[in-house]
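In: The following comprises the amino acid sequence and a computationally predicted model.
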Amino acid sequence: MLFNSFNFITFFFCVLLLLIIEQYTTKRIVVRNTLLLVASYIFYGWFNIGFLLILFYVTLVNYATGYLLSKKSKHSKATLGTGVILSLLPLLFYKYSTFIVSNIQLLINGNADTGFQSSWIMPVGISFFTFQALSYSIDIYRGKITVERSLPEFMLFVAFFPTILSGPIEKERNLLPQIKSYRPIAINNFMEGAMTFIWGLFKKIVIADRLCAYVDWVYGSAEYQSGATLAFAAALYSIQIYCDFSGYSDMAWGVAKALGFDVTRNFRFPYFATTIKEFWRRWHISLTSWFTEYVYFSLGGNRVRLKVRWVFNISMVFLLSGIWHGASWNFLLWGCLHAVYYLMEYACGIHRKDYKQPRYLRLPANILVFVLVTIAWIFFRIEDFSTATSVIGKIATDIASPIAMGASTFTFACNMLLLVVFIIFDWLLYKHIALKEEKLGEPTFVNIIWPVVLLVMIAMFSVSADNFVYFQF
Amino acid sequence: MKYIKGLIIIIILFFTCDFAVERFMKHGIDEMYGLNQYADVLLIGHSHLMLATDKQQMENDLGMKVSKYTREGVNVSDRKIMIQQILDSGYGDSLKIVLYGVDLCTFTGEGLSANSYKLFYPFIDDKNIGNYIRQQGGAKDYWLHKLVRTSRYSDDGFKNGAFRGWLHNWSNLKSGTVDIEAYKRRLQNGDERHIQMNPELIAEFKESIGMLTERGITVALVNTPTLDLLNNFEADKYDMIVEWFQTYADERLLVEYWDFNPEYSSQHELFYDRLHLNSIGQKVISKEITQSLKNLYD
């Protein structure tokens, strides 16, 4: 059940209706949370009923770990370690087993082709809900939060349907208190949620999915494409993946908001960043925050005596972030590249507190960040290392060639026009000119025109796609 | 209360814009395909005939109204629905002749594909087309496109058609020339479609022609040129299909068969690719078709 499907819209309005009925009848938090929990399990089980077992297992492991940690025994570290390992087992099996076995075989036999192939379908969103559940156990161990006694409420925290598939990865201290307090359905929240959902839907099915067709076509025949075409496709892929993932995140935010919940904003206009550091503060914020809090700080963060140790800490965060996306060398390389970018920026003194970027340098810096990020996305998009390097080589040597437009010139023209429209809208949002986030639900003139224009464009320009890029992670 | 008012205004405004945009697009589509005029000549076919005929040139030369209802990828079964649509609309009453595009692949492939009904979304308000869409696509698909009118134009082909309809631009924009050497290599690899005679498609074809001739409308089966290399790929089968069309036309009073291949299929400079003519080819063949029409009426 994808957010951009009729099944989901029907499902969502059924849930909303039930919650409204509950609001005007029992008005009890237990009933409300039970409804949301059942809805969340139905939503997740819709993909594959067997996935519910994994979800329940990860939930139970972390609930038990939290309970044991709350006893404050001297074996807390071992308890947490066991909890973390047990939680990660399904993730390791589904996501990394083939990669690990084939690379061990490569080391031993010199042959990666082992015939070992995990024939199991990877549960969608497994990385997201596993990390969300783990944050609870680690926070209890660190004494940041207290144990959650109610299993149903903890189950809802892990399985909350707006966020389970692709995040944002919520921390217990943000979501659970909201689950525990009665949050009535309100029309202003619904409006605000609907507006954000529509914007996310536009980004996903109008921009990302249309660009996807072109990018797939170019990369599908990369050896026959000119350097300029490959460069153009790489830039479009940067926008595609942003619109795909941030579109999904906006939809998730909108659904949660309509139900009365405030979840983390996962993206804050990352392509307007003027440094790589700023980019990572704006891109996939919940994952960056997770790695910062649970990996970087655990390794000592920047409070280490040796600079080389800090370099190691930063590199580890980026490498793990790469591996989190999948068991493949290209993701590792993508993480490496970002680590290099980050460290180079540091070496240039850009991260110094007293560094102030001159105004005239903002646009060139913005373009440079976009170019660097785009180069890294090439390795992210193309699994095969030799193809990725040949693409970059061709871009470097053949950039002055014509750009291929694909099968239809009209479709290409439409895509470019929509891209311009999207950039203008995004810029207006970024500059808070047209829409102010805090006033999204207000029925102002702009807030009325905005969804109407978007809805008409969605109806006319959307293309049907049955997946989100980040579902594979 | 102000939020509810805002929500109601958004809904009303959306459906108003939706209606206005759809009317705009529908007018463009009708202009493009000539579905809002009483025409003397109707062209029915896919991109092969689309790129081979210049509607404006034909109208000027003939002094007759020409409707060009040609769409990319429509097979024999789709065309039957297109013919039915024209005849049901009332605009079919003025038709004197229908130019029906045929080629070596007319009977290759399957009947209506599972998604063929999507080609007719803009015409969903037409009773028969509406029923067809509901039958094929299901109630959900039908009601979505019935209620959200702009969603009928989500396919870029429709938007392009509406756009060109408003601009009255029927010209062939393909200016390149077929790469003969590349195509020869492709043929050497055997990478080409095989000619078939699918009985289901033959039956649909015969029904379509019957629908027209029983109303006294003359049908010309127009085989606009395809590249000689393609025609020779399976020469025996190609000859067989040409003979089939010729015999079919000879046996019927109101059916003609015009084949422009013998004269033009070897003139490679007229082709954009193996199947389609470029803008120069379009001018040449349009003139030939106009001449054939004049001969028919003289």
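Out: That came through fine.
In: contacts, neighbours, all on C-alpha from now
Out: Will do.
In: what residues does the stretch 101-250 of chain B put near chain A?
Out: B:Val148, B:Thr150, B:Ser151, B:Arg152, B:Tyr153, B:Ser154, B:Asp155, B:Asp156, B:Asn160 (CA under 8 Å from any CA of the partner chain).
In: B:Val178 touches B:Leu275, doesn't it?
Out: No: between B:Val178 and B:Leu275 there is no contact under CA atoms under 8 Å: 9.5 Å.
In: helices or strands up against the strand or helix carrying B:Val98?
Out: Assessed by DSSP states H and E, B:Val98 sits inside strand B:97-101. Secondary-structure packing of strand B:97-101 (3 or more CA pairs under 8 Å, 6 or more residues apart in numbering or on different chains; DSSP states H and E): strand B:41-45, strand B:218-223.
In: tell me the angle of the first one relative to strand B:218-223?
Out: By that I understand strand B:41-45. Per axes from the mean of the first three to the mean of the last three CA atoms, to 10 degrees, the angle that strand B:41-45 makes with strand B:218-223 is 40 degrees.
In: Show me what strand B:41-45 is packed up against.
Out: strand B:66-70, helix B:76-89, strand B:97-101.
In: Adding mean neighbour count and mean pLDDT, write these out as CSV.
Out: Shown next, in CSV, are those (neighbours: other CA atoms under 10 Å in any protein chain shown; pLDDT from 0 to 100):
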stretch, mean neighbour count, mean pLDDT
strand B:66-70, 25, 94
helix B:76-89, 20, 91
strand B:97-101, 23, 96
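In: Could you export the strand holding B:Val98 as CSV, CA atoms only?
Out: Taking C-alpha atoms only, strand B:97-101 is exported to CSV below (Å, rounded to 0.1, in the frame of the first residue of the first chain):
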residue,chain,number,x,y,z
ILE,B,97,-13.9,8.0,-48.0
VAL,B,98,-11.8,6.6,-45.2
LEU,B,99,-8.0,6.1,-45.7
TYR,B,100,-7.1,3.1,-43.5
GLY,B,101,-3.4,2.7,-42.9
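In: Quick check: pLDDT value at residue 291.
Out: Looking at chain A here, since you left the chain open. On pLDDT, A:Phe291 comes in at 94.
In: my bad, the chain I had in mind was chain B
Out: Note on B:Gln291: pLDDT of 94.
In: which residues in the stretch 101-250 of chain B form helices?
Out: Taking DSSP state H, counting those that start in this stretch, the helices of the stretch 101-250 of chain B run over residues B:127-147, B:156-167, B:180-188, B:199-213, B:228-231, B:235-250.
In: List the buried residues of the third one.
Out: So the one you mean is helix B:180-188. Buried positions in helix B:180-188, judged by neighbour count with 16 or more other CA atoms under 10 Å in any protein chain shown: B:Tyr183.
In: Check which residues of stretch B:11-19 are buried.
Out: So, applying 16+ other CA under 10 Å, buried residues of stretch B:11-19: B:Leu13, B:Phe14, B:Phe15, B:Cys17, B:Asp18, B:Phe19.
In: so how far is chain A from the fifth one?
Out: For B:Asp18, the distance to chain A under the criterion CA to the nearest CA, to the nearest Å works out to 6 Å.
In: helices or strands up against whichever helix or strand that residue is part of?
Out: Per DSSP H and E: B:Asp18 is located in helix B:2-33. Helices and strands touching helix B:2-33, by 3+ CA pairs under 8 Å, 6+ apart, are helix A:187-201, helix A:445-461, strand B:66-70, helix B:156-167.
In: one more time with 7 Å, if that's ok
Out: Helix B:2-33 sits against helix A:445-461, strand B:66-70, helix B:156-167, with contacts defined as 3 or more CA pairs under 7 Å, 6 or more residues apart in numbering or on different chains; DSSP states H and E.
In: quick one, that helix and strand B:41-45 angle?
Out: If you take the same axes, to 10 degrees, helix B:2-33 sits at 110 degrees to strand B:41-45.
In: So which of the residues of the stretch 101-250 of chain B next to chain A is the closest to A:Lys394?
Out: B:Asp156 (31.2 Å; CA to CA).
In: And A:Asn33, how close does it get to A:Arg210?
Out: A:Asn33 is 38 Å from A:Arg210, where distance means CA to CA, to the nearest Å.
In: okay, now A:Lys144: neighbour count?
Out: 12 (other CA atoms under 10 Å in any protein chain shown).
In: give me the residue from the stretch 1-150 of chain A nearest chain B.
Out: For the stretch 1-150 of chain A and chain B, the shortest gap (CA to the nearest CA) falls at A:Phe6, measuring 8.8 Å.
In: cool, the stretch 201-350 of chain A as well?
Out: A:Val206 (10.1 Å).
In: Now that residue: closest residue in space that isn't a chain neighbour?
Out: Using CA to CA, 6 or more residues apart in numbering or on different chains and skipping residues adjacent in sequence, the residue nearest A:Val206 is A:Ser462, 4.5 Å away.
In: Next: B:Val74.
Out: Leaving out its chain neighbours, the residue that sits closest to B:Val74 by CA to CA, 6+ apart is B:His46, at 5.4 Å.
In: Give me the phi and psi angles of the one you found.
Out: Backbone torsions of B:His46, given as degrees, to the nearest 10, read phi -110, psi -160.
In: Based on its surroundings, how many neighbours for residue 72?
Out: I went with chain A, as the question did not name one. 11.
In: that's the wrong chain, I meant chain B
Out: 14.
In: what angle separates the helix or strand hosting A:Ile239 from helix A:187-201?
Out: Under the criterion of DSSP H and E, A:Ile239 resides in helix A:227-258. Taking the same axes, to 10 degrees, one finds that helix A:227-258 is oriented at 160 degrees with respect to helix A:187-201.
In: Report the buried residues of stretch B:251-261.
Out: B:Leu254, B:Val255, B:Glu256, B:Tyr257, B:Trp258, B:Asp259, B:Phe260, B:Asn261.
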